[in-house]
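Participant: Have a look; sequence and predicted model below, questions after that.
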Amino acid sequence: MNSKIWLNKLTRREFRTRMNAGELKLAILPVAAIEQHLEHLAMEHDWRSARLIAGAVAERLAPQALVAEGLMAGISEHHMVHPGTLSLQPGTFLTVLSDLIDSLVRAGFTNILVLNGHGGNIAACDAVWDQFLRKFQVNVHFFPYWNVLTKEDAEELLDSGSRLPEDLPGHAQEFETAMALHLFPENVRQDVWKDQQDPNPSMATAEKGQAFYERIIDRVANYASEMIDGTRTHAVPPYHP
Ligand SMILES: [Zn+2]
């Protein structure tokens, strides 16, 4: 992968030169989770998906976008009954996320896309986002990557009857399993997935995963490029009079 899109691969001189030249227009900050994904998918699923999508989108927008990795775990208390899940308390997650956004703002970014890959992070972020906008005074977005998919995509590509948008991403179900079969098939334990009571995941194929992935990259890149060109902005919400 192109090392010029990963913030942590740059030296301070390389970063400084590109920022001072006005080249860097957008930071993409992937967030997700490290949590159980039923018996057949590896725990890194949400994190690895969000990171890969962030990287592919940044490559499309090169050299204007950088991926800033700094937070792998998410809000997963509801999965802690399955040992191995790593969970942050909502307050911890939001504090770390706020500190990372603050670091990017202080580095000079005025467009920041927090690209989310885990449903459990949504409620906490939605609840505080207007406060983040007032605090940071930049165009900072929280965006679950599957929001770019439509009802028509689901009808065309899902055989399990999962509907959009209400059933996405669907925990380790057909959609996530298809994405894994395409992006990192070594994470799918095909010797056990058909033994589970729920037949939904075993309807996944790598071909469907590829179709989903390509649509996601196209549309998230489009969303991000609109942030860069100024046509997709979050205004700072009003203050108390
Ligand atoms: Zn997941």
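Facilitator: Structure received.
Participant: Near the spatially closest residue to residue 121 that is not a sequence neighbour, how many other residues are there?
Facilitator: Excluding the flanking residues, the one nearest residue 121 by C-beta to C-beta, 6 or more residues apart in numbering is residue 74, at 4.8 Å. C-beta here means a position set from N, CA and C on the backbone, and glycine is covered the same way. Residues lying near residue 74 (other C-beta atoms under 10 Å) number 27.
Participant: if I pick residue 74, what's in contact with it?
Facilitator: With contact taken as C-beta atoms under 8 Å, 6 or more residues apart in numbering, residue 74 is in contact with 31-35, 46, 87-88, 93, 118, 120-121.
Participant: So which of those is the closest to the ion?
Facilitator: Closest to the ion out of these is residue 46 (4.2 Å), distances taken as C-beta to the ion.
Participant: wait, doesn't that closest one sit right on residue 115?
Facilitator: No: the criterion here is C-beta atoms under 8 Å, and residue 46 misses it with residue 115 at 11.4 Å.
Participant: Shouldn't residue 128 be within a strand?
Facilitator: No: the assignment for residue 128 by DSSP: H, G, I helix; E, B strand; the rest coil gives helix, which leaves it out of any strand.
Participant: neighbours around it, how many?
Facilitator: 15.
Participant: Name the helix or strand for the residue nearest to it when sequence neighbours are not counted, please.
Facilitator: Leaving aside its chain neighbours, residue 128 sits nearest to residue 94 (5.9 Å; criterion: C-beta to C-beta, 6+ apart). Element membership of residue 94 [criterion: DSSP states H and E] is helix 90-107.
Participant: So what touches that helix?
Facilitator: Residues outside helix 90-107 that contact it (C-beta under 8 Å, 6+ apart) are 15, 19, 27, 29, 31, 68, 70-71, 73-75, 88, 112, 114, 121, 124-125, 128, 132, 135-136, 138, 140.
Participant: just the helices in the protein please.
Facilitator: Secondary structure of the chain (DSSP state H): helices at 12-20, 45-60, 90-107, 122-136, 151-157, 174-183, 206-229.
Participant: coming back round to it: and residue 46 and residue 115? which has more neighbours close in?
Facilitator: Using other C-beta under 10 Å, the more surrounded residue of residue 46 and residue 115 is residue 46, with 30 against 25.
Participant: Tell me which residues touch the more buried one, please.
Facilitator: Contacts of residue 46 (C-beta under 8 Å, 6+ apart): 32-35, 37, 74, 117-118.
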